[in-house]
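Novice: With the input below, show me the fold.
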Amino acid sequence: MNRTNTEPAETSTRERIDALVRHEGGLCLSLYLPISPQPPESDKNVTRLQNLLREARQLLALDGMRENAIEDFLSPIEDLAANPEKLLRTSRSVGLFRTQDSFDLIDLPYRVDPQCQVSDRFAIRPLLDLRNVNRDFLVVCLNRQDIRAFEGDRSSLKSVDIPDMPGELIEVTGIDDPEKSLQHHTAQTVSAEGRPGTGIASVMHGHGLPNELEDNQLERFFREVAKAIDAYLSGKKLALVLVGVDPNLGRIRSVHDWSGQELFVVSKDPGEWNLQKVHEHAWAAVEPSARDEETRKNARLSEAANKGELIEGVADVALAAATSRVDLAAVSAEQSMRGVVDADHMEVHEVVEGDAACAGDLFDFIASETIRHGGEVAVLEDEAIPGKSAAVALKRF
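Specialist: Here you go, the predicted structure:
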């Protein structure tokens with residue numbers, strides 16, 4: 001993670017979060033800021049950020065950083081406070097992560113409480129719902145006059161160009177959309193290869209094309225659309241979301257076998273949708289599937305609790321995570337406990353605020369160590385955690 005910017009990286013959200021999870025050493029500043037995109041609530045964005053910056057200065061000073069070094073260290077975040085328009089985002093919160101040589105901003109599609117932490121690791125628990133409940137997807141809006149494509153995930157969406165994707169019906173068939181009300185329409189002949197010819201096939205008056213010709217032209221059009229989508233998805237781990245009215249959805253599904261593709265369908269007319277509206281409908285279609293894995297995790301934990309097979313207790317789970325013995329952990333979303341894990345001596349020392357510079361939140365430690373060693377973590381409300389502890393885990397066998 002050697003960049004200094006606030007723009008979304010080309011890597012996936014999960015990869016960006018995992019880079020933060022795996023980072024260790026040096027001074028790590030984590031800020032979580034709830035934001036609002038519109039006034040009057042948006043007027044509070046800068047005030048909240050300034051409050052977090054004040055707290056960050058105090059913590060950095062306690063850690064021994066000189067005043068001029070603190071100002072340099074905080075300069076990318078100060079820039080956001082000085083330019084409030086940069087905080088007018090569609091997300092509900094942002095996470096800001098600073099080391100001596102890097103700065104990253106991650107948009108969160110849910111609200112989090114303001115938080116400031118200085119440690120040798122990042123505070124990652126507020127990120128894990130986005131990491132765990134997410135899916136990368138391609139959205140294709142099937143308006144025959146304007147095929148549009150977007151790539152994104154739960155937190156963001158961007159427009160993409162798909163090579164060889166026809167923009168509208170006439171590009172494939174040489175005939176304008178048969179749904180249009182026409183008083184005069186000249187159709188071209190079709191070559192043996194299926195391309196528009198140069199001769200005049202017929203002159204039609206009235207509304208639309210004969211049914212047989214219309215079906216033929218639409219089939220050719222959606223076949224080309226499907227071919228372009230297929231080529232774009234090749235080698236990519238993207239779910240596909242098709243958005244359109246039922247006739248268009250029916251045609252594209254009839255001309256291509258999508259059985260090998262994770263497919264979601266939104267039966268609505270996307271013609272007038274802006275980027276935010278497309279994102280809302282696409283994620284609403286994908287979300288239930290994305291949450292299935294969290295349901296399975298919770299079921300595994302509950303089953304283990306019933307059998308008495310859980311590791312319970314913050315210290316025991318932290319030591320198990322540090323020694324790569326955790327397959328699945330659940331940690332509290334509500335509590336904090338600062339401490340130091342000494343894996344060499346199999347000891348955990350809880351400390352009060354300000355005691356040890358190397359002390360960090362033990363729940364964050366459990367989460368990051370579990371993920372680093374290939375396990376998974378669920379962040380749950382206290383009452384939802386199986387067992388009697390704020391941290392539990394399944395052993396790796």
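Novice: Please, which helix or strand holds residue 280?
Specialist: For residue 280, the host element (DSSP states H and E) is helix 275-306.
Novice: the helices in the stretch 101-250 of the chain, which residues?
Specialist: 125-132, 170-173, 211-233, 246-254 (DSSP state H, counting those that start in this stretch).
Novice: Let's have the ones you listed in a markdown table, adding mean pLDDT.
Specialist: Formatted as a markdown table, the helices of the stretch 101-250 of the chain follow (pLDDT from 0 to 100):
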| stretch | mean pLDDT |
| --- | --- |
| helix 125-132 | 96 |
| helix 170-173 | 67 |
| helix 211-233 | 87 |
| helix 246-254 | 94 |
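Novice: Buried deepest among these, which one?
Specialist: Of the helices of the stretch 101-250 of the chain, the one with the most neighbours on average (mean count of other CB atoms under 10 Å) is helix 125-132, at a mean of 21. Using the backbone N, CA and C atoms, a C-beta is placed for each residue, glycine as well.
Novice: angle of it against helix 275-306?
Specialist: Taking axes from the mean of the first three to the mean of the last three CA atoms, to 10 degrees, one finds helix 125-132 and helix 275-306 inclined to each other by 100 degrees.
Novice: counting contacts, what elements does helix 125-132 pack onto?
Specialist: Contacts defined by 3 or more CB pairs under 8 Å, 6 or more residues apart in numbering; DSSP states H and E place helix 125-132 against helix 13-22, strand 93-99, strand 102-108, helix 362-372, strand 376-380.
Novice: For the third one, list the C-alpha coordinates in CSV.
Specialist: Okay, so that is strand 102-108. The C-alpha atoms that make up strand 102-108 are tabulated as CSV, following Å, rounded to 0.1, in the frame of the first residue of the first chain:
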residue,chain,number,x,y,z
SER,A,102,0.7,6.1,2.8
PHE,A,103,-2.9,7.5,3.0
ASP,A,104,-6.0,5.6,2.0
LEU,A,105,-9.7,6.5,2.1
ILE,A,106,-12.4,3.9,2.0
ASP,A,107,-16.1,4.7,1.5
LEU,A,108,-18.5,2.8,3.8
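Novice: Count the neighbours of residue 163 for me.
Specialist: Residue 163 has 7 neighbours, counted by other CB atoms under 10 Å.
Novice: got the CA coordinates for the helix or strand containing residue 318 in PDB?
Specialist: According to DSSP H and E, residue 318 maps onto helix 314-322. Output in PDB follows, covering the C-alpha atoms of helix 314-322 (Å, rounded to 0.1, in the frame of the first residue of the first chain):
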ATOM      1  CA  VAL A 314     -10.700 -12.500  24.600                       C
ATOM      2  CA  ALA A 315      -7.200 -13.600  25.800                       C
ATOM      3  CA  ASP A 316      -7.600 -17.300  24.700                       C
ATOM      4  CA  VAL A 317      -9.000 -16.300  21.300                       C
ATOM      5  CA  ALA A 318      -6.200 -13.700  20.800                       C
ATOM      6  CA  LEU A 319      -3.500 -16.300  21.500                       C
ATOM      7  CA  ALA A 320      -5.200 -18.800  19.300                       C
ATOM      8  CA  ALA A 321      -5.400 -16.200  16.500                       C
ATOM      9  CA  ALA A 322      -1.800 -15.200  16.900                       C
END
